[in-house]
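J.: Quick one: sequence and predicted model below, then my questions.
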Amino acid sequence: MKEIKIEAKTTKEAIEKGLKELNLSREEVEVEIVREEKKGILGIGAKDACVIIRPKVWNRESKENNPRSTKEIQLPDGFKPTGNVKEDIRTLLTEIFTRSKIDFKIMEELFNETENKVYINFQSKDAGILLYEGAKGLLSLQQIINIIINKDQPKKLMVKIDTEEFWTKTELKLKKDVEHAIEFINRTKKPYKMKPMPSSFRKIIHDIVQKNYPDYTTCSYGHSKFRRVVIRKQKKENQSQENNNKIQIVPKENTQDVQPQ
């Protein structure tokens, strides 16, 4: 599915219009802001917002950096989906860790059928290897599991792999980062750009803002490893109309008839 370019009065309206046209949710797309809305003065010089919306593709970053690459991830020998999601993920983890000579023990398995999400928490004396340098190993493991488990599946399943309470600690840190961003926006009246981060971290930011800060909106900006989340305060649709209503021209001869509002 190709990307689409959408224009609307506000960035929020443009995103919603694009999601409706693609028939996708906010979590299933990447949003690039081409131009933010500009109100102008009394309508003069006003410009609509413009965004580019593209469906998310697994391993998009590696394809962008090497568009001619056609590498495919090979399934472990003998792996055949059983239809039991938790059992399949357990089999994949066992296969990967065995080949990597990493001992592990699964401590928790949760499957939310309504949201189609799976959470797997494991314990390992070698967890430090996976959490080194911003948990690159754990994130790579999670991506591999997601790719394999979602192969030829009509509905996408979200798999989160955790160890040493990494995701709990990460979410707490990102919540504090969002709180700082909201404080900055309220103080300066300007959007706040988060630092570049992996897509799984950006997803947490989107969810935190959507759940806890309904008057604010988020979008992703940039490409590849430089992609980041931008948080901004939503502009009220009726704000310009309210401002226009404040300007009232009253004929001089009728001023005595004007009652206080």
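T.: Nice, thanks for sending it over. All values reported here derive from a predicted model rather than from experimental measurement.
J.: Domains in this protein, by residue range?
T.: 1-57, 85-164, 171-239 (automatic domain parsing).
J.: Nearest to F79, out of those domains?
T.: Among the domains of the chain, the nearest to F79 by C-beta to C-beta is domain 85-164 (6.5 Å). Just so you know, the C-beta spots here come from the backbone N, C-alpha and C atoms, and that holds for glycine as well.
J.: Now do the buried residues in the helix or strand where L19 lies.
T.: Using DSSP states H and E, L19 maps to helix 11-22. Across helix 11-22, burial judged by 16 or more other C-beta atoms under 10 Å covers 11-15, 17-19, 22.
J.: likewise stretch 139-159?
T.: For stretch 139-159, burial by neighbour count (16+ other C-beta under 10 Å) applies to 139, 141-146, 148-149, 157-159.
J.: In a helix, I185, correct?
T.: Yes. Under DSSP: H, G, I helix; E, B strand; the rest coil, I185 falls within a helix.
J.: Go ahead and confirm it touches K233.
T.: Yes. With contacts counted by C-beta atoms under 8 Å, I185 reaches K233, the gap being 5.6 Å.
J.: joint contacts of the two?
T.: Common neighbours of I185 and K233 (criterion: C-beta atoms under 8 Å, 6 or more residues apart in numbering): Y216.
J.: quick revisit: most widely separated two among the buried residues of stretch 139-159?
T.: Maximum distance among those (C-beta to C-beta): 17.3 Å, for L139 and L157.
J.: okay, I148: pLDDT?
T.: We have a pLDDT of 89 for I148.
J.: Helix, strand or coil: sort out it for me.
T.: When classified by three-state DSSP, I148 comes out as helix.
J.: Isn't it up against I89?
T.: No. Counting by C-beta under 8 Å, I148 does not reach I89; the two are 9.1 Å apart.
J.: So in terms of bridging, what pairs with F111?
T.: V118 (DSSP bridges).
J.: correct me, but it touches V118?
T.: Yes. Assessed by C-beta under 8 Å, F111 is found in contact with V118 at 5.1 Å.
J.: Secondary structure element holding H180?
T.: Counting by DSSP H and E, H180 is found in helix 166-188.
J.: buried sites along that helix?
T.: Buried residues in helix 166-188, counted by 16+ other C-beta under 10 Å: 166-167, 170-171, 174, 177-178, 181-182, 185.
J.: before we move on, what about stretch 113-127?
T.: So stretch 113-127, judged by 16+ other C-beta under 10 Å, has buried residues 118-122, 127.
J.: same check, this time on stretch 201-214
T.: 201-206, 208-209, 213.
J.: Can you tell me which of the buried residues of helix 11-22 lies closest to M107?
T.: Taking C-beta to C-beta as the measure, L19 is the one of these closest to M107, at 37.0 Å.
J.: show me the contacts for that closest one.
T.: So L19 contacts 25-26, 29, 53 (C-beta under 8 Å, 6+ apart).
J.: So the spatially most central residue of the chain, which state does it fall into?
T.: Nearest residue to the geometric centre of the chain (C-alpha atoms, centre = their mean): K203, 3.3 Å. Secondary structure, three-state DSSP: K203 is helix.
J.: how close does the closest residue to N116 other than its chain neighbours get to K136?
T.: Distance criterion C-beta to C-beta, 6 or more residues apart in numbering; nearest residue to N116, sequence neighbours excluded, is L157 at 5.4 Å. As judged by C-beta to C-beta, to the nearest Å, L157 and K136 stand 23 Å apart.
J.: And T217, by the same measure?
T.: The spacing between T217 and K136, counted by C-beta to C-beta, is 30 Å.
J.: swap in I231?
T.: Here the distance between I231 and K136 works out to 25 Å (C-beta to C-beta).
J.: Next: K117.
T.: Applying C-beta to C-beta, the value for K117 to K136 is 23 Å.
J.: T91 contacts P81, doesn't it?
T.: No. Counting by C-beta under 8 Å, T91 stays clear of P81, with 9.2 Å between them.
J.: Lovely, talk soon.
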